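Novice: Got a predicted model here, sequence first, then my questions.
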Amino acid sequence: DAGVIQSPRHEVTEMGQEVTLRCKPISGHDYLFWYRQTMMRGLELLIYFNNNVPIDDSGMPEDRFSAKMPNASFSTLKIQPSEPRDSAVYFCASSLSSSSGNTIYFGEGSWLTVV
Amino acid sequence: AQKVTQAQTEISVVEKEDVTLDCVYETRDTTYYLFWYKQPPSGELVFLIRRNSFDEQNEISGRYSWNFQKSTSSFNFTITASQVVDSAVYFCALRGFSGGYNKLIFGAGTRLAVHP
């Protein structure tokens, strides 16, 4: 089975540009998570969805960040405008809500560099 | 509040040594899950194990073993006869469910370096 698929794997962009990160969760999973990893803050949850509905976005750093999940197989995380401090690895993850399937599986990450 | 503490920032061992990575957690939930993930130098997060709060049996998988003790809120990970390929950052994580709370909270990670 295909895992969580993220794109792009690597992106270098200039400050002020819009960045869109994409994610395809594991088929059938009803939870989708966006995490950010930095040296200073480690792995932090930005937002998560259940059945395509945002449940908790308290980790989204500021209004420059937005996330959508238009359907069960696709989500985006957008940064507009981007800043150098947004440079990080962004992970998308998904899980099944049933008690027997609570493992959260991660994609390979999108490595973002804002210069 | 939920919290995961991995007090060991970095560990360095020589190949074939046994090594234990510590994890202490805090939660008010009665139902929760604990996880270990491995992040090798290539950067992906690899799931290693999940343990629910009602199952305190220790688990062994090859050279890996996990010791879950609710009395001390610990979920430690031991690698026996370490190998260079075990070099990675290891994260302990907690997922609780009270009030619909469903986040996976990570510890800061322990960087393990295994030298030949």
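Specialist: Thanks, I have the structure now.
Novice: close enough to count as contact, residue B:29 and residue B:97?
Specialist: Yes: the pair residue B:29 / residue B:97 is scored as a contact, 6.1 Å apart, by C-beta atoms under 8 Å. (Glycine included, C-beta is placed from N, CA and C.)
Novice: what about these two, which has more around it?
Specialist: For residue B:29 versus residue B:97, the count of surrounding residues by other C-beta atoms under 10 Å in any protein chain shown is larger for residue B:97: 18 against 15.
Novice: Can you point out the buried residues in the host helix or strand of residue A:67?
Specialist: In this assignment (DSSP states H and E), residue A:67 forms part of strand A:65-71. In terms of neighbour count (16 or more other C-beta atoms under 10 Å in any protein chain shown), strand A:65-71 has its buried residues at A:65, A:67, A:69.
Novice: Residue B:12 - that's part of a strand, no?
Specialist: Yes: applying DSSP: H, G, I helix; E, B strand; the rest coil, one finds residue B:12 inside a strand.
Novice: ok, now which ones touch it?
Specialist: Residues near residue B:12 by C-beta atoms under 8 Å, 6 or more residues apart in numbering or on different chains: B:112, B:113, B:115.
Novice: Once you drop chain neighbours, what's closest to the residue most central in space within chain A?
Specialist: Geometric centre of chain A, nearest residue: residue A:34, 3.0 Å, by C-alpha atoms, centre = their mean. Nearest residue to residue A:34, sequence neighbours excluded (C-beta to C-beta, 6 or more residues apart in numbering or on different chains): residue A:46, at 4.4 Å.
Novice: Can you list the strands that whichever strand or helix holds that neighbour pairs with?
Specialist: Assigned by DSSP H and E, residue A:46 falls within strand A:42-50. Using DSSP bridges, the strands paired with strand A:42-50 in its sheet are strand A:31-38 (antiparallel), strand A:53-56 (antiparallel).
Novice: could you check the angle strand A:65-71 makes with the first one?
Specialist: To tie it back to what came earlier, the one meant is strand A:31-38. Angle between the axes of strand A:31-38 and strand A:65-71 is 150 degrees (criterion: axes from the mean of the first three to the mean of the last three C-alpha atoms, to 10 degrees).
Novice: Report the buried residues of strand A:31-38.
Specialist: In terms of neighbour count (16+ other C-beta under 10 Å), strand A:31-38 has its buried residues at A:31, A:32, A:33, A:34, A:35, A:36, A:37.
Novice: Then the last one?
Specialist: Applying a neighbour-count criterion of 16+ other C-beta under 10 Å, one finds A:54, A:55, A:56 buried in strand A:53-56.
Novice: For those, give me a markdown table that also has pLDDT.
Specialist: Putting the buried residues of strand A:53-56 into a markdown table (pLDDT from 0 to 100) gives the following:
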| residue | pLDDT |
| --- | --- |
| A:54 | 95 |
| A:55 | 91 |
| A:56 | 90 |
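Novice: ok so, going back, could you tell me which of the contacts of residue B:12 belong to strands?
Specialist: In this view, the contacts of residue B:12 that belong to strands under DSSP state E are B:112, B:113, B:115.
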